[in-house]
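Enquirer: here is a sequence with its predicted model. Questions after.
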Amino acid sequence: RTIDLFKSKNKTFDIIGIIVGVTILLVYRDILTIATMRKLIAPLILVGCGFYLVFKDAFGGKIKDEINRLNRNRGYFPNKGAAFSSENIRYDNQIFEGIDLSAAFGSVNCDLRNAVIQHDVVINANATFGSIDIYVPQYVKVVVKSTSIFGGVSDKTTPAADANAPKVYINSVCLFGGVDVK
């Protein structure tokens, strides 16, 4: 039988079990004392909770799996960016298949309000000390997956009424920057 640590997607409880087992072994072998362990428990729990809050979107999930599937099956994605400048992108009555956006010490505006979105698409947005504004049509659903450190993603759209509406996945990394979806 294969160990669940290597075959399961959610490894949280397996890793916790290994940490508890190693800790008990170290106390049993007199490498650590129980008094030392009592002093370390609270800080380790706080650090673990902090890592979870910061990196929770980076680990698995249905949204990440769907974004990875769409990125693998995509054709050519234009790559638009701005470094120490600004970039304006408009899709007027054009079929939109996805795009890679990056802003480093600059800003990018991507206007998709008049674009033709026929199926689920991905926008990979990376904002490093910059901002990215994405304007989407009202008939689409927006799904956000973000890994943010001192930045974030703001979804200001209203949910689409149609249950079968195409989804626009915003896959973003924000480092001292932000992505606004309007």
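Expert: Arrived safely. Numbers count the residues shown, from 1 in each chain.
Enquirer: ok, what's across the strand from the closest residue to T157 other than its chain neighbours?
Expert: Of all residues not flanking T157 in the chain, V142 sits nearest, at 4.9 Å (CB to CB, 6 or more residues apart in numbering). For glycine as for every other residue, the C-beta is placed from the backbone atoms N, C-alpha and C. Note on V142: beta-bridge partners by DSSP bridges are V168.
Enquirer: hmm, V142 is touching V168, no?
Expert: Yes - the criterion here is CB atoms under 8 Å, and V142 meets it with V168 at 5.3 Å.
Enquirer: overlap of the contact sets of those two?
Expert: Contact with both V142 and V168 is made by residues V136, according to CB atoms under 8 Å, 6 or more residues apart in numbering.
Enquirer: these two: which is more packed in?
Expert: Neighbours were counted for V142 and for V168 using other CB atoms under 10 Å; V168 has more, 25 against 20.
Enquirer: and the gap between that one and R113?
Expert: Distance of V168 to R113, computed by CB to CB, to the nearest Å: 12 Å.
Enquirer: now do the shared contacts for the two.
Expert: V136.
Enquirer: neighbours of L44, how many?
Expert: L44 has 12 neighbouring residues, counting by other CB under 10 Å.
Enquirer: okay, whichever helix in the chain runs longest in PDB with CA atoms only?
Expert: Taking DSSP state H as the criterion, the chain has its longest helix at helix 34-55. C-alpha atoms of helix 34-55 as PDB (Å, rounded to 0.1, in the frame of the first residue of the first chain):
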ATOM      1  CA  ILE A  34       8.900  18.800  27.700                       C
ATOM      2  CA  ALA A  35       9.500  22.300  29.100                       C
ATOM      3  CA  THR A  36      11.200  23.400  25.800                       C
ATOM      4  CA  MET A  37       8.300  21.900  23.800                       C
ATOM      5  CA  ARG A  38       5.700  23.800  25.900                       C
ATOM      6  CA  LYS A  39       7.600  27.000  25.000                       C
ATOM      7  CA  LEU A  40       7.800  26.200  21.300                       C
ATOM      8  CA  ILE A  41       4.200  25.100  20.700                       C
ATOM      9  CA  ALA A  42       2.400  28.500  20.700                       C
ATOM     10  CA  PRO A  43       5.000  30.200  18.400                       C
ATOM     11  CA  LEU A  44       5.000  27.300  16.000                       C
ATOM     12  CA  ILE A  45       1.200  27.300  15.800                       C
ATOM     13  CA  LEU A  46       1.200  31.000  15.100                       C
ATOM     14  CA  VAL A  47       3.900  30.700  12.400                       C
ATOM     15  CA  GLY A  48       2.000  27.800  10.800                       C
ATOM     16  CA  CYS A  49      -1.300  29.800  10.800                       C
ATOM     17  CA  GLY A  50       0.500  32.800   9.200                       C
ATOM     18  CA  PHE A  51       2.000  30.600   6.400                       C
ATOM     19  CA  TYR A  52      -1.400  29.100   5.800                       C
ATOM     20  CA  LEU A  53      -3.100  32.600   5.500                       C
ATOM     21  CA  VAL A  54      -0.400  33.900   3.200                       C
ATOM     22  CA  PHE A  55       0.000  30.900   0.900                       C
END
